[in-house]
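Enquirer: could you look at this predicted model? Sequence included:
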2 protein chains.
Amino acid sequence: MSQHASSKAAVLDVIRAAGTISRVGLISATGFTGATISTVVRRLIDEGLVVETGRAESTGGKRRVLLQLNHASRYAVGVHLDHAGITYVLTNLGGAVVARISRAGAGAAEPATVVNRMSAEVTALIEGVGVERERVLGVGLVSPGPLSAATGMGLTPPAMRKWEDYPLGQALERATGLPVVLDNDATAAALGEHWSGGIGGTAISAALYMGTGIGAGLVINGVTYRGASGNAGEIGHTCVDANGPDCWCGARGCVEVLAGPAAVVAAARADPALSRSAGLTGRARSVSTDFAAVSRAARRGEPSALAILERSARYIAAAARSLANVMDLEVLVLTGPSFAIAGSVYLPIVREELDRAFFSRAAHAVDVRLSRHAATASAIGAAALVLQSELVPLSEGLKLPDNLAAAEPAPLPVTGA
Amino acid sequence: MSQHASSKAAVLDVIRAAGTISRVGLISATGFTGATISTVVRRLIDEGLVVETGRAESTGGKRRVLLQLNHASRYAVGVHLDHAGITYVLTNLGGAVVARISRAGAGAAEPATVVNRMSAEVTALIEGVGVERERVLGVGLVSPGPLSAATGMGLTPPAMRKWEDYPLGQALERATGLPVVLDNDATAAALGEHWSGGIGGTAISAALYMGTGIGAGLVINGVTYRGASGNAGEIGHTCVDANGPDCWCGARGCVEVLAGPAAVVAAARADPALSRSAGLTGRARSVSTDFAAVSRAARRGEPSALAILERSARYIAAAARSLANVMDLEVLVLTGPSFAIAGSVYLPIVREELDRAFFSRAAHAVDVRLSRHAATASAIGAAALVLQSELVPLSEGLKLPDNLAAAEPAPLPVTGA
DNA sequence: GCCAGATTGTTAAGTCAACGAAGAAACGAA
DNA sequence: TTCGTTTCTTCGTTGACTTAACAATCTGGC
């Protein structure tokens, strides 16, 4: 007897969120009856996804049998593809990192060459820790920048035009023999935080992702929100100063222009003393390298560096507040490489802003936290995408024809009932 | 044989969105099989919700039988409760207004008194057009300001403290004998636009609602998005100038302070010439009255009035763009009393902003429109809330216990499998 | 130690939504 | 009229989920 996908998914998701839970707990959490829980759980145990791990104290009768995910039963590969580097992680079913490697980025190489290399590196990752390939559910591949919405299988980050129409997902699927899921890094990071237990059973959460740009990923009731064309969460071009400087996106005063890593680096370079002490005097290196240098200077206690970061943080806090107000968020996680480095400066300022000025704070606070794995969040999230897509096949919504009227032949005059 | 709620709801929603559609059209739109569509449609016809209205041209065989909502089969009452006035509308199943009355606002009267009056006025509304009370599905009641999240049955608009803990929904339910649904005005307006056909089968839409404040309602795949505590869409406190003036919400540079109707009126009053010509010289009347006066002055061609409104529009456009970027919107409707008056000034500016600077404009444009019923949008939306809640009972999500760990007795040491 | 009562978990039978297959009805074209 | 096509319905099956009865396990009291 096999369950409708949703019940299995719902039960698995509650077990994941709870960490440890009994069948009775599942009954109250999911709303299913004991009979259903019994069969669903047996199914999950048969598939090896769930194990019984002990007993709870008695509440007056038989003790509850506790269930947990069988973390070692399945694995997923997450790949963060970027111009400057490719990060690979192998996670178990619980979203915990089992292995991790970093390799050279895509650079200027041909897509086909890179795909072949990635396939070999994925294999090396899996074999390096002796995980059987059959236990690997698939590969999640994420990249900065917007997705090409049309086919859902091409990534077009601004700096990688060569990849624009390349069927990346299909190619990697063929090369590795594993299912491949694509998405953008911020969305993946948000799902990763949700899946790997940083966020419990929380309903509405967002991940503010800062790499060289700023993005946000949104998770609503355990499902990633993608918007009309998969570009939801584009918070980098939130307006925080309607009279501010022009942005390449066509607008003015975008938070990315005023407070993104590039803006931080530019401000630091404009200060000769700080440039010298932070080692920015040479010719321009990558933004992320320079941003790290500014962050180190701030950590050393250099007031000018700290002031620049705090100014950035206040703008980002304003954008975060706007986001939290619109989405009515419960949890906001700061993640991504830039927050991995400078999160200690940003966290208190964003947190203070939301404590003080979140519109619905009377109803509930927004829990602002720093990701425990900010540096590799999007790769971990990419793996979580696989875990979710393979284990929690969502009920797809209606697929209306583009033009409902056109779907019908011309109506004739009414001829009565 | 009765269908699972979702299939009936899905079919009804597609019929509503399409206006006219055949069973074959429903098959492709919903993904159900012909057999299922056949039985569901028969059910809907038996209930009187749907009628066959004619035939389409043949495509080579039997002509399709066209289906439509039976607009006159059910009705819903929408009530917009405000300090200054109460608007009542009676709509049919298609969301079209059948009757409408306006009465005095809540003022300083006791809640119980107002509820009794409302009940009488609802009855007058229904009987005024000779609709049978059994055909009225219920009453939707909306109000500006945040909902009290705890019980879901108290409305606490800032200016109506007396109502804070009053069980408004229950009281009105008892008084009228009809089911009552509560929500805020912006969310209702968004659903109203969706339901009454202004927005076809569109997936992601928002209504920007401007009354005396600014709010937004969000509709995702036909379902209103409410956020963690029902306060989603709070766009009035989106930051559009991080260094702007203080707002009562605790933040700075909120769009409501810089560009809301109150700000527009204040700017106009600061201009002696405009104050005189627009008739603002007397003591302060209500913000909406004064805003209307400024709008009329702008329409008469007074440059100073127009400049003030255009400045407001540019700020609002920036907030709208931030919202569209984050949600990846397809449709944005301007609605509410203030846009009913001044929409002709705001629409082109907001539209231009989104054409020029919406981040994902390469993938798709945002369709910005002015509501056809901006003045009564939230009352119509209130009625749509009823139509949806009675006819499209949503599949409720998981209801996790507040604290999953606490739901279990203490675990004992692992005792092996 | 052992039984009463409570709680947990399983099995069995019934219900209902949705599907596939096959047939009935409607229609245009030869 | 006949044939092929398309639309729509009927019938029997599948499978998810439920209720109801039952089996297993534990605490507490004697």
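Expert: Nice, I can see it.

Enquirer: C-alpha from now on. contacts and neighbour counts both.
Expert: Will do.

Enquirer: which ones are touching residue A:179?
Expert: A:137, A:138, A:139, A:173 (C-alpha atoms under 8 Å, 6 or more residues apart in numbering or on different chains).

Enquirer: just the buried residues of those residues.
Expert: Among the contacts of residue A:179, the ones that count as buried by 16 or more other C-alpha atoms under 10 Å in any protein chain shown are A:137, A:138, A:139, A:173.

Enquirer: residues in contact with the residue nearest to residue A:214 when sequence neighbours are not counted?
Expert: Spatial nearest neighbour of residue A:214, chain neighbours left out: residue A:236 (4.7 Å); criterion: C-alpha to C-alpha, 6 or more residues apart in numbering or on different chains. Counting by C-alpha under 8 Å, 6+ apart, residue A:236 touches A:213, A:214, A:215, A:254, A:255, A:256.

Enquirer: pretty sure residue A:371 sits against residue A:196.
Expert: No - proximity of residue A:371 to residue A:196 does not meet the contact threshold set by C-alpha atoms under 8 Å, at 10.7 Å.

Enquirer: which one of these two has more residues nearby?
Expert: Neighbours were counted for residue A:371 and for residue A:196 using other C-alpha atoms under 10 Å in any protein chain shown; residue A:371 has more, 25 against 21.

Enquirer: what about the nearest residue to that one once chain neighbours are set aside, neighbour count?
Expert: Once flanking residues are discounted, residue A:371 sits nearest to residue A:335: 5.3 Å by C-alpha to C-alpha, 6+ apart. By the criterion of other C-alpha under 10 Å, residue A:335 has 30 neighbours.

Enquirer: pretty sure residue A:335 contacts residue A:208?
Expert: Yes - if you go by C-alpha under 8 Å, residue A:335 and residue A:208 touch, sitting 6.0 Å apart.

Enquirer: how about the residues of chain A near DNA strand C?
Expert: A:22-24, A:34-35, A:38-39, A:42, A:59-66 (C-alpha under 7 Å from any atom of the strand).

Enquirer: mind listing which of those are in helices?
Expert: Residues of those located in helices (DSSP state H): A:23, A:24, A:34, A:35, A:38, A:39, A:42.

Enquirer: and which of these is nearest chain B?
Expert: Looking at those and their distance to chain B, the nearest is residue A:24, at 8.7 Å (C-alpha to the nearest C-alpha).

Enquirer: how about the contacts made by the closest one?
Expert: A:34, A:64.

Enquirer: check what pLDDT it gets.
Expert: If you check residue A:24, the pLDDT there is 93.

Enquirer: next: residue A:153.
Expert: 40.

Enquirer: now residue A:239
Expert: For residue A:239, the predicted pLDDT is 95.

Enquirer: next one: residue A:407
Expert: 58.

Enquirer: for residue A:135, same thing?
Expert: 94.

Enquirer: now do residue A:413
Expert: 56.

Enquirer: now look at stretch A:185-194 and say if it contacts chain B.
Expert: No - using C-alpha under 8 Å from any C-alpha of the partner chain, stretch A:185-194 stays clear of chain B, with a minimum separation of 11.9 Å.

Enquirer: neighbouring contacts of that stretch?
Expert: Residues contacting stretch A:185-194 (C-alpha under 8 Å, 6+ apart): A:80, A:95, A:142-145, A:199-200, A:205-209, A:215-219, A:222-224, A:226, A:233, A:333, A:335-336, A:371, A:377-385.

Enquirer: among the residues you listed, which ones are in helices?
Expert: Checked against DSSP H, these include these in helices: A:377, A:378, A:379, A:380, A:381, A:382, A:383, A:384, A:385.

Enquirer: let me have these in a markdown table, extended by pLDDT and neighbour count.
Expert: Below are those laid out as a markdown table (pLDDT from 0 to 100; neighbours: other C-alpha atoms under 10 Å in any protein chain shown):
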| residue | pLDDT | neighbour count |
| --- | --- | --- |
| A:377 | 93 | 30 |
| A:378 | 94 | 38 |
| A:379 | 96 | 33 |
| A:380 | 96 | 37 |
| A:381 | 95 | 35 |
| A:382 | 96 | 38 |
| A:383 | 96 | 39 |
| A:384 | 94 | 33 |
| A:385 | 93 | 32 |
